[in-house]
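Engineer: 3D model of this:
(chains A and B)
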Amino acid sequence: MKKTILNPQTIHSIYMHDADIKRHAPTLVPGTSLDKAVKGTYFIIADIPHGLHKVQLIRLGISIGDKIICLQRLPGGTIIIQKNRQEIAIGYHLAREIKIQYI
Amino acid sequence: MAKSDIIEHKEKHRHIEPENPLGLDSPRAKVVLAGNPNVGKSLIFNYLSGVYVDVSNFPGTTVAITKGSYKEYDVYDTPGIYGVSSFNDEEKVAAEIILEADIIINVVNSLYLERDLFLTLQLIEMGKKVSVILNFADELKKRNIKINAKRLSDILGVEVINTSAVSKAGFEQLDYAIENARMGKQNEDLHKVLHNFLNRVGSQAEALLVAEGDEYISRKHGVEPGSADDREYIYIDRRNRVNEIVSFVEVEDTSKGRFFNLFGRLAVNPITGIPILLVLLSVIFFLIGDVVSQRIVNFTENTIGKRYFEYYTKLLVAEYASTDITVNLLDDKENVEESKTFRIPDGFSTAVEMKNDFRKISRLPNAETEYHFHNPFVRLFFGEFGVITMTITYLLFLLLPLVISFYIAMAMLEDSGYLPRLATMLDRTLNRIGLNGRAVIPILLGFGCVTMATITTRLLTTDKEKSIANAILQFTIPCSAQLAVISVLLSGAGFKPLFIYVAVIFTVMISISTFMNKVLKGAATPLLIDLPIMRMPKLDNLFKKTFFRTYGFMKEAYVWFFVGALLIGVLEITGLLFVFQDLLAPVTTAWLKLPKEAANAFVMGMVRRDFGAAGLFAIELTTMQITVAIITITLFVPCIASFMVMLKERGIKEGLIVWFSAWILAFFVGGLTAQIII
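Structural biologist: Presented below is the predicted three-dimensional model:
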């Protein structure tokens, strides 16, 4: 891993409010992965693999701890999820990597 | 880092901004429109600058920066981005201009506040002067959602105004937004961190991007980018603050918030989506293939074009030019019943009686007139392939109505929000050929214009995906102009040729992409696409878009048509055309089983594909020969414009490989089909 410019310790204490730390703490035991989400059910995002897709998902408004509904599961495994009014389609290979937990 | 390098951070300090007190060649302030994809930036840009840019209801319409001018400002439209960074070409382009901006007008889709404010906060953290436009106010009202703009403005520390770009409501406040753009409230802790290396990268904006691990910007300044962890910390913090802000400012009055858009849902599921796609395609094919290409074009081409325009132009020329004119009277089965030849060595001006006679007989409904001008130059401009006569008829009376109808159909698909759903539905299918669903957008746009579509391959992530999509476009997708000519050639020929044509082209497409998927390294990137709301396309945008695209098409096409016609004309007069025909004869006649003259179509096809297909009109062909000819011409080399764009987008090596393989592929597949069906 690259050398970190920002001191993670500081950043962490600056950025993470207590509530957030709870949200991001590994107390959420990943239940299953997003590709197996059942249509019409709500779930919480438990883990997103690090990397480009995580960053893109965060920007689209999807991050760990978010409550999401699975709108559709298409044959082949493409998943359509909805958060608030935003609908997002996620390909099978990415969905498989995202861990979720049912509420 | 030496201690003196660190700029000490004080409350309410002022940043030193580059000044130009003497106003020497005072640069105009740069106003940059920035926002997520599909939020209405381009509509606002149109309004401000009067420059038309394409507007659609799918992410990725704007792939390049457009510059316009508004009052004392230079205004820039940028590709839609979810955040400033350099993950792909589109983002790099947008990031560069955002970094240079003096004022940023951040356009936000009010419906997706949570998604869009992420970029807003990032822009504010960059230390830029920002104003926020809450667009889609009308859609909010429809859904009974309220956003407290005043409160949002207080939290962000910048101006927030409501607009509805489609109906232009609230646009009068844009002036105010530009004039009052200012730095917003920043996260102080982050601001402090950024200050620590402000002096190394020049601006706070760039400092932020470096901290977020932007390799491109870091390399520019020769500094080490922040790690992936840094980025995640910053991103997650920003995300949390966005969520908090949204919960403060947004109120949903009813439970109808989960707007269930039935059509949108049905369109993504293959079980219902494939029938919907087929119905849509049949309606489009019926409208264009039958209504437009049979009825309307029949009128414009034969009546306006041939019967009036060409007739009177040639008659006028024949007034002075030496020519023989043959008038054939045809019977019901198009056989020559009676033939009369007028020989006028000095033109009609010296043979008034003969002219009256000619006009009487040539105006009969079943008359067909052939001019044989003696002067080669007159023939060049007014003869069978006349630069003036043929080009104008093809362009204005054949292509124009067809291209307009294709563009209207494309515009409707784009503006409805259907395309991203189609991308989702076809995702798994496209995975098999090394693409993800997103690739359906450039491919479908290719049916409008391959050149334009080649540019949109930028929205794909990896080089492999871009190469495959580019190959599919250049080899197999006929553009609207070419399709137009093809549908005229096929109309009335029945179902069989259409079926053969579609089947062959489709097979080639699958084979090429499967082959490339095997040969090129890497896997398809997984699909991640946001689905915009489904909405009825707005008529004014539809017409505006069609008008500007058609205008753009004609403006670009007419030159090449004249050039092509001139080329063919000169080749014909000098006899080189026959040399070329003879040269290709073994291929054309024996292998493709077409008449020798079909080679003309290939010469023309190198200039413009549609022009090549149009060249087939002049030749008498059987239905099966037409099928072979259009298969060959579809697979044949891309037009000059796409070829140039391909070289630019994909590099000279790949461009040349595609171009030369098109020769081989077109003749191989065309010939193979000919051997089977003729």
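Engineer: ok, B:M452 touching B:L445?
Structural biologist: Yes: using Cβ atoms under 8 Å, B:M452 makes contact with B:L445 at a distance of 6.3 Å. For glycine as for every other residue, the C-beta is placed from the backbone atoms N, C-alpha and C.
Engineer: and these two? which has more neighbours close in?
Structural biologist: More crowded of B:M452 and B:L445, by other Cβ atoms under 10 Å in any protein chain shown: B:L445, with 27 against 20.
Engineer: and that one, what helix or strand is that in?
Structural biologist: Element membership for B:L445 (DSSP states H and E) is helix B:440-446.
Engineer: chain center to that helix: distance?
Structural biologist: Distance of helix B:440-446 from the chain centroid (Cα atoms, centre = their mean, to the nearest Å) equals 9 Å.
Engineer: Dump it to CSV, restricted to CA.
Structural biologist: Extracted C-alpha coordinates of helix B:440-446, given in CSV (Å, rounded to 0.1, in the frame of the first residue of the first chain):
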residue,chain,number,x,y,z
VAL,B,440,-25.3,-0.7,-25.7
ILE,B,441,-25.4,3.1,-25.6
PRO,B,442,-22.6,3.7,-28.2
ILE,B,443,-23.8,0.8,-30.2
LEU,B,444,-27.4,2.0,-30.4
LEU,B,445,-26.2,5.6,-31.1
GLY,B,446,-24.2,4.1,-34.0
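Engineer: Tell me the helices and strands packed up against the helix or strand just after that helix.
Structural biologist: Using DSSP H and E, the helix or strand that follows helix B:440-446 in sequence is helix B:450-456. Judged by 3 or more Cβ pairs under 8 Å, 6 or more residues apart in numbering or on different chains; DSSP states H and E, the packing partners of helix B:450-456 are helix B:440-446, helix B:463-476, helix B:640-650.
Engineer: what sits up against the shortest one?
Structural biologist: It refers to helix B:440-446. Helix B:440-446 has contacts (Cβ atoms under 8 Å, 6 or more residues apart in numbering or on different chains) with B:58, B:60, B:410, B:413, B:419-420, B:422-423, B:426, B:430, B:452-454, B:456-457, B:459-460, B:469, B:472-473, B:477, B:479.
Engineer: Can you pull the poorly scored residue ranges out of the chain?
Structural biologist: I went with chain A, as the question did not name one. The model of chain A has pLDDT under 70 over residues A:1-31.
Engineer: actually chain B
Structural biologist: Ranges of chain B meeting pLDDT under 70: B:1-26, B:53-64, B:253-261, B:492, B:607-608.
Engineer: can you rerun that using 50?
Structural biologist: B:1-25, B:255-260 (pLDDT under 50).
Engineer: Show me how it divides into domains.
Structural biologist: Per the record, chain B has its domains at B:3-10+B:26-257, B:322-374, B:393-677, by automatic domain parsing.
Engineer: of those, which approaches A:L74 most closely?
Structural biologist: domain B:393-677 (6.8 Å; Cβ to Cβ).
Engineer: end-to-end on the closest one?
Structural biologist: Domain B:393-677 has an end-to-end distance of 33 Å (Cα to Cα, to the nearest Å).
Engineer: Work out the gap between that domain and the centre of the chain.
Structural biologist: On Cα atoms, centre = their mean, the centre of domain B:393-677 falls 13 Å from that of its chain.
Engineer: what's the answer for stretch B:198-208, then?
Structural biologist: For stretch B:198-208, the distance to the chain centre is 37 Å (Cα atoms, centre = their mean).
Engineer: Repeat that for stretch B:46-55.
Structural biologist: With Cα atoms, centre = their mean as the basis, the mean position of stretch B:46-55 lies at 16 Å from the chain mean.
Engineer: do stretch B:286-303 as well
Structural biologist: On Cα atoms, centre = their mean, the centre of stretch B:286-303 falls 24 Å from the chain's centre.
Engineer: same deal with stretch B:263-280?
Structural biologist: Offset of stretch B:263-280 from its chain centre (Cα atoms, centre = their mean): 24 Å.
Engineer: hmm, it touching chain A?
Structural biologist: Yes: contact of stretch B:263-280 with chain A (Cβ under 8 Å from any Cβ of the partner chain) involves B:G264, B:R265, B:V268, B:N269, B:P270, B:I271.
Engineer: And stretch B:120-138, by the same measure?
Structural biologist: No: applying Cβ under 8 Å from any Cβ, one finds stretch B:120-138 separated from chain A by no less than 9.0 Å.
Engineer: in that stretch, what's buried?
Structural biologist: For stretch B:120-138, the neighbour count (16 or more other Cβ atoms under 10 Å in any protein chain shown) marks B:120-138 as buried.
Engineer: follow-up on the earlier one: would you reformat the domains of chain B as JSON lines and include distance to B:F381?
Structural biologist: Shown next, in JSON lines, are the domains of chain B (distance: least, Cβ to Cβ, whole Å):
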{"stretch": "domain B:3-10+B:26-257", "distance to B:F381": "34"}
{"stretch": "domain B:322-374", "distance to B:F381": "9"}
{"stretch": "domain B:393-677", "distance to B:F381": "8"}
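Engineer: Compare the ones you listed and give me the one nearest B:K306.
Structural biologist: The nearest among those, by Cβ to Cβ, is domain B:393-677 at 6.7 Å.
Engineer: what about the longest helix in chain B?
Structural biologist: helix B:539-574 (DSSP state H).
Engineer: Now it: buried residues?
Structural biologist: So for helix B:539-574, counting by 16+ other Cβ under 10 Å, buried means B:541-542, B:544-546, B:548-550, B:553-554, B:557, B:560-561, B:563-565, B:567-569, B:571-572.
Engineer: Then stretch B:460-467?
Structural biologist: B:L460, B:T461, B:T462, B:K464, B:E465, B:K466, B:S467.
Engineer: Show me where the chain has its strands.
Structural biologist: All of this refers to chain A. A:32-33, A:42-47, A:67-73, A:79-83, A:86-90, A:99-102 (DSSP state E).
Engineer: Oops, wrong one, chain B.
Structural biologist: B:29-35, B:66-70, B:73-77, B:103-109, B:129-135, B:145-147, B:159-162, B:182-183, B:250-252, B:323-330, B:336-344, B:367-373, B:528-531.
Engineer: Reformat those strands as TSV; add distance to B:G651.
Structural biologist: TSV is the format used below for the strands of chain B (distance: least, Cβ to Cβ, whole Å):
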stretch	distance to B:G651
strand B:29-35	29
strand B:66-70	25
strand B:73-77	27
strand B:103-109	33
strand B:129-135	37
strand B:145-147	46
strand B:159-162	44
strand B:182-183	42
strand B:250-252	47
strand B:323-330	51
strand B:336-344	55
strand B:367-373	47
strand B:528-531	27
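Engineer: so which of those comes closest to B:A601?
Structural biologist: strand B:367-373 (20.7 Å).
Engineer: Point out the other helices and strands that the closest one packs with.
Structural biologist: helix B:311-318, strand B:323-330, helix B:376-382.
Engineer: Next, format those as CSV and append mean neighbour count.
Structural biologist: What follows is the helices and strands packed on strand B:367-373, written out as CSV (neighbours: other Cβ atoms under 10 Å in any protein chain shown):
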stretch, mean neighbour count
helix B:311-318, 17
strand B:323-330, 18
helix B:376-382, 18
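Engineer: got a markdown table for these, with distance to B:A585 too?
Structural biologist: Shown next, in a markdown table, are the helices and strands packed on strand B:367-373 (distance: least, Cβ to Cβ, whole Å):
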| stretch | distance to B:A585 |
| --- | --- |
| helix B:311-318 | 31 |
| strand B:323-330 | 27 |
| helix B:376-382 | 24 |
